[in-house]
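Q: what would the 3D arrangement of this be:
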Amino acid sequence: MNYQEPDQSSPQNIQLDILDLPDEQRQLINWITRQQKVTLAEVAIHLNTTEELAQQHLKTLINQGFIQQLDDSELIYYQPYFREKKKSKLSQNIWDKL
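A: Okay, the predicted model is just below:
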């Protein structure tokens, strides 16, 4: 299976970044996240639109760093693409004293 990550110039997002998106994009990402892995046809059905328009939505979200494309030899899938939250730079000793 080949992974196609977003462009290097696009930022990776944490899940909280979804809140800043327009409602339609936020709902689509939430749905993809719940499904874990979807095809273009599934997205088109979910959005009640053509595959061409669904592809445009997906391409936008890939460029923004919210989803990634997986090429599984016969089918192309889309899945969420979030980086983990940054861990605190404070040592555990400091946290223990707080």
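
Q: show me where the chain has its helices.
A: For the chain, the helices defined by DSSP state H occupy 23-35, 40-47, 51-63, 92-97.

Q: quick check: residue 72 vs residue 27, distance?
A: 25 Å (Cβ to Cβ, to the nearest Å). Every C-beta, even on glycine, is put in place using the N, C-alpha and C of the backbone.

Q: which one of the two has more residues nearby?
A: Neighbours were counted for residue 72 and for residue 27 using other Cβ atoms under 10 Å; residue 27 has more, 14 against 11.

Q: got a list of what that one touches?
A: Residues counted as contacts of residue 27 (Cβ atoms under 8 Å, 6 or more residues apart in numbering): none.

Q: which of the helices of the chain has the lowest average pLDDT?
A: Note on those: helix 92-97 shows the lowest mean pLDDT, a mean of 69.

Q: re earlier: distance to residue 82 added to the helices of the chain, as a markdown table?
A: Listed next are these as a markdown table, based on distance: least, Cβ to Cβ, whole Å:
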| stretch | distance to residue 82 |
| --- | --- |
| helix 23-35 | 9 |
| helix 40-47 | 18 |
| helix 51-63 | 12 |
| helix 92-97 | 25 |
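
Q: residue 76: which of those helices is closest?
A: Nearest of these to residue 76, taken as Cβ to Cβ: helix 40-47 at 6.6 Å.

Q: can I get the CA coordinates of the closest one in CSV?
A: Taking Å, rounded to 0.1, in the frame of the first residue of the first chain, the C-alpha atoms of helix 40-47 are listed here in CSV:
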residue,chain,number,x,y,z
LEU,A,40,-14.0,8.4,-3.6
ALA,A,41,-17.3,6.8,-4.4
GLU,A,42,-18.3,6.6,-0.7
VAL,A,43,-17.4,10.3,-0.3
ALA,A,44,-19.6,11.2,-3.4
ILE,A,45,-22.5,9.2,-1.9
HIS,A,46,-22.0,10.8,1.5
LEU,A,47,-21.9,14.3,0.0
